[in-house]
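1. below is the structure, and that's it, no one-letter string:
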């Protein structure tokens, strides 16, 4: 996937996150904490492709967690797999950030 396509996906997932937060009872603060800690938005096109990949995986995991916590069962495996994938793209500095 090209960087510009990845940024488009990141933008779409961010819009989906906003829409889902409005629809469900839970506001998603806990689910999206890892994504918020990254401090990467789709509008930061100067960020590396790796950083945007990490943001996409973290955001996707948050969406899966939010849905599974709001009566959409079966997304726990997907959430776990997305967590594994995001770990692959983390630097040691980012891993320490998530452990705090």
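-> Received the coordinates, thanks. As the structure is a computational prediction, the values presented were derived from the model and not from experiment.

2. in the protein, which residue is closest to the centre?
-> With distances taken as C-alpha atoms, centre = their mean, the residue of the chain nearest its centroid is residue 59 (1.3 Å).

3. in terms of contact, does it touch residue 33 like I think?
-> No. Contact criterion C-beta atoms under 8 Å: residue 59 and residue 33 do not qualify, at 11.6 Å. C-beta: built from backbone N, CA, C; applies to glycine.

4. and the one helix or strand residue 51 maps to, which residues are buried?
-> Residue 51 is part of helix 49-68, with elements assigned from DSSP states H and E. Across helix 49-68, burial judged by 16 or more other C-beta atoms under 10 Å covers 51-68.

5. could you do stretch 68-80 as well?
-> 68, 69, 75, 78, 79.

6. pLDDT weak spots in the protein?
-> When residues are selected by pLDDT under 70, those of the chain lie in 99-100.

7. now the helices: where do they sit in it?
-> Counting by DSSP state H, one finds helices in the chain at the ranges 3-23, 33-38, 49-68, 76-88, 92-99.

8. now for the longest one, which elements pack on it?
-> Based on contacts counted as 3 or more C-beta pairs under 8 Å, 6 or more residues apart in numbering; DSSP states H and E, the elements that helix 3-23 packs against are helix 49-68.

9. between the helix it packs on and helix 76-88, how big is the angle?
-> Put simply, helix 49-68 runs at 160 degrees to helix 76-88, going by axes from the mean of the first three to the mean of the last three C-alpha atoms, to 10 degrees.

10. can you give the distance of helix 49-68 from its chain's centre?
-> Mean-position distance between helix 49-68 and its chain equals 2 Å (C-alpha atoms, centre = their mean, to the nearest Å).

11. for it, packing partners?
-> Right, helix 49-68 is packed against helix 3-23, helix 33-38, helix 76-88 by 3+ C-beta pairs under 8 Å, 6+ apart.

12. tell me which of those helices is the most buried.
-> Greatest average neighbour count among those goes to helix 33-38 (a mean of 17), per mean count of other C-beta atoms under 10 Å.
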